[in-house]
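Visitor: Provide a 3D model corresponding to the input given below.
(one chain, ligands or ions: 1)
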Amino acid sequence: MVKIQGVRGAPDILPPEAKLLWQRLEGTARAILERYNYEEIRTPVFERTELFVRSIGEGTDIVEKEMYTFQDKGGESLTLRPEGTAPAVRSYLEHARFGKGTLAKVYYIGPMFRHERPQAGRFRQFHQIGAEAIGVGGPEVDAEVIEILAYLFEALGLRDVTLHLNSIGDAACRPAFRERFAAYMRERKDDLCPDCHVRLEKNPLRIMDCKNPRCQAAVAGAPKAAENLCEACRAHFARVRELLEALGIPYVLNERLVRGLDYYTRTTFEFTAAGLGAQNAIAGGGRYDGLIETIGGPSTPAIGFAVGMERVILCLKGLEASAEGRREGVYVANADAAGASQAFLVARDLRRAGFRAVVNLEGRKLNRQIGQADGDMFLYCVILGENEVRSGQATVKDLKSGQQEVVPFAQLVDWLKAHPREAPAE
Ligand code: HAM
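Guide: Residues are numbered from 1 along each chain as shown. Reported below is the predicted structural model:
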């Protein structure tokens, strides 16, 4: 039989990485988001295709080329979510969970799906930690949302992270800017690549993103969004910048930052990390004051971000210590049949007291059990045999220092509680 392999671009996340890196990233993000009063939302992994077409936009790469769209058995067109903003907003709208002027704060963690060409840092199933602040349009919300990301990356110990910031205007000034930009580009059409010819017709601002050096050269002298803002957008952006500066969050103005989704207005931003190669954006987001109307709701301002978990984890792997596990918990070893029964009771009590504890289920001899306890990064090994059962005392071995102590069964839990549960970092 041919062995069945997983799908390209959809990697498995295996132990110990799942715990050491993924759970750690998730745990840190949840703790920080909850400090800012964000609440978790879980939406389905598929939605009606129309939701993404309308929100992300017909001319975008995501909608045109990258969606996993299928007809279900009832003939309905469904799509595996390529991002989390539209589903979160759809859900909050459906359940009437927000109103204008009141801020609803939600976050989500989960898989997203885009049929992109897999490469380092780019997958077809990838994971995002996203947050959306819905209902208030003030620049203070923008600053707070960006502050969360800065805090998260700092808490994770990521250095060499850069915040790119831009404002792309709103419904009042963006159409005129797009027209000016398109007119400029039309005059330089001969310099543009074939993809940008299509962009020029469908979504001219996306030309700014093109990696082709000739297109980039053509863009260099083009009108810039931040210089074409209306008064309201200019004041909004100035206040966002003022608050970031007051918070001591460094950023670079990146006038070419347009982002790959059509729903953005005003503030847009991305965090990049050094050392990741071409796919260096570890988080992106922005304001989307028009999106809720686009999907049939009342005009409601909102802003949010999403962190690309795979890319942050690549950065964490670069920080040596974070990828190493620490010794923790108790291996309850047995020397003989009497010890094996006692081990079940001891392990049961230890787990109820909150310890990671295992017994020997593999029929190993005592020496091999101790070796396994060491290899599996337990901090203690409790050794039980006929003698210990008779005397009511266990031998406890500290696997880090090698020291042993005799402890009565009745005091075992208290003894372990009084000692470190986890080995201190080296
Ligand atoms: P996005 O920029 O498309 O924005 O994605 C956010 C992050 O997800 C990216 O910066 C990147 O780290 C990660 N990402 C995207 N595609 C892939 C991929 N194929 N493989 C690995 N990682 C990837 C959004 O999705 C918006 N919904 C963000 C947002 C929330 N805007 C407002 N609220």
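
Visitor: quick check, the residue in this protein closest to the ligand?
Guide: Using CB to the nearest ligand atom, the single residue of the chain nearest to the ligand is residue 308, 2.0 Å away. Any C-beta I mention is one placed from the backbone N, CA and C, and that applies to glycine too.

Visitor: look up how far residue 56 lies from that residue.
Guide: For residue 308, the distance to residue 56 (CB to CB, to the nearest Å) stands at 17 Å.

Visitor: quick check, pLDDT for the residue of the chain closest to the ligand.
Guide: On the pLDDT scale, residue 308 is placed at 98.

Visitor: chain neighbours aside, what residue packs nearest to it?
Guide: residue 282 (5.7 Å; CB to CB, 6 or more residues apart in numbering).

Visitor: so which helix or strand takes in that neighbour?
Guide: Element membership for residue 282 (DSSP states H and E) is strand 281-287.

Visitor: could you do residue 143 as well?
Guide: Residue 143 is part of helix 139-155, with elements assigned from DSSP H and E.

Visitor: before we move on, what about residue 78?
Guide: Here residue 78 is assigned to strand 77-80, by DSSP H and E.

Visitor: following that strand, which helix or strand comes up?
Guide: Following strand 77-80 in sequence, per DSSP H and E, is helix 85-94.

Visitor: what residues of the next helix or strand along the chain from that next one count as buried?
Guide: The C-terminal neighbour of helix 85-94 among helices and strands, as given by DSSP H and E, is strand 104-113. Neighbour-count burial for strand 104-113, counted by 16 or more other CB atoms under 10 Å, picks out 104-110, 112-113.

Visitor: tell me the one among those residues nearest to residue 351.
Guide: Nearest to residue 351 among the buried residues of strand 104-113, counting by CB to CB, is residue 109 at 26.9 Å.

Visitor: and the residue nearest to that closest one when sequence neighbours are not counted, how many neighbours?
Guide: Spatial nearest neighbour of residue 109, chain neighbours left out: residue 129 (5.0 Å); criterion: CB to CB, 6+ apart. Using other CB atoms under 10 Å, residue 129 has 25 neighbouring residues.

Visitor: what's opposite residue 129 in the beta bridge?
Guide: Residue 129 has these beta-bridge partners by DSSP bridges: residue 109, residue 307.

Visitor: where does the stretch 251-400 of the chain come near the ligand, residue by residue?
Guide: Residues of the stretch 251-400 of the chain lying near the ligand by CB under 6 Å from any ligand atom: 260-261, 281-286, 288, 304-306, 308, 310-311.

Visitor: could you rerun that using 8 Å?
Guide: Counting by CB under 8 Å from any ligand atom, the stretch 251-400 of the chain comes close to the ligand at 259-261, 263-264, 270-271, 279, 281-288, 302-312.

Visitor: pull the strand holding residue 282 out as CSV, backbone CA atoms only.
Guide: C-alpha atoms of strand 281-287 as CSV (Å, rounded to 0.1, in the frame of the first residue of the first chain):
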residue,chain,number,x,y,z
ALA,A,281,5.5,40.2,8.0
ILE,A,282,4.7,38.7,11.4
ALA,A,283,1.5,40.7,11.9
GLY,A,284,-0.7,43.1,9.9
GLY,A,285,-3.8,45.1,10.3
GLY,A,286,-5.6,48.3,10.1
ARG,A,287,-8.8,50.3,10.3
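
Visitor: tell me what the helix or strand just after that strand is packed against?
Guide: Downstream of strand 281-287, the next assigned helix or strand under DSSP H and E is helix 291-294. Using 3 or more CB pairs under 8 Å, 6 or more residues apart in numbering; DSSP states H and E as the contact test, the elements touching helix 291-294 are helix 49-56, helix 85-94.

Visitor: picking that back up, so for the helix holding residue 143, what gets flagged as buried?
Guide: 139, 141-153.

Visitor: for residue 277, which residues are in contact?
Guide: Contact analysis of residue 277 by CB atoms under 8 Å, 6 or more residues apart in numbering lists 120-121.

Visitor: where does the prediction get shaky in the stretch 1-150 of the chain?
Guide: Across the stretch 1-150 of the chain, nothing is flagged by pLDDT under 70.

Visitor: now do the strands in the stretch 301-426 of the chain.
Guide: Ranges of strands within the stretch 301-426 of the chain are 302-308, 330-334, 357-359, 380-384, 393-398, 404-408, based on DSSP state E, counting those that start in this stretch.
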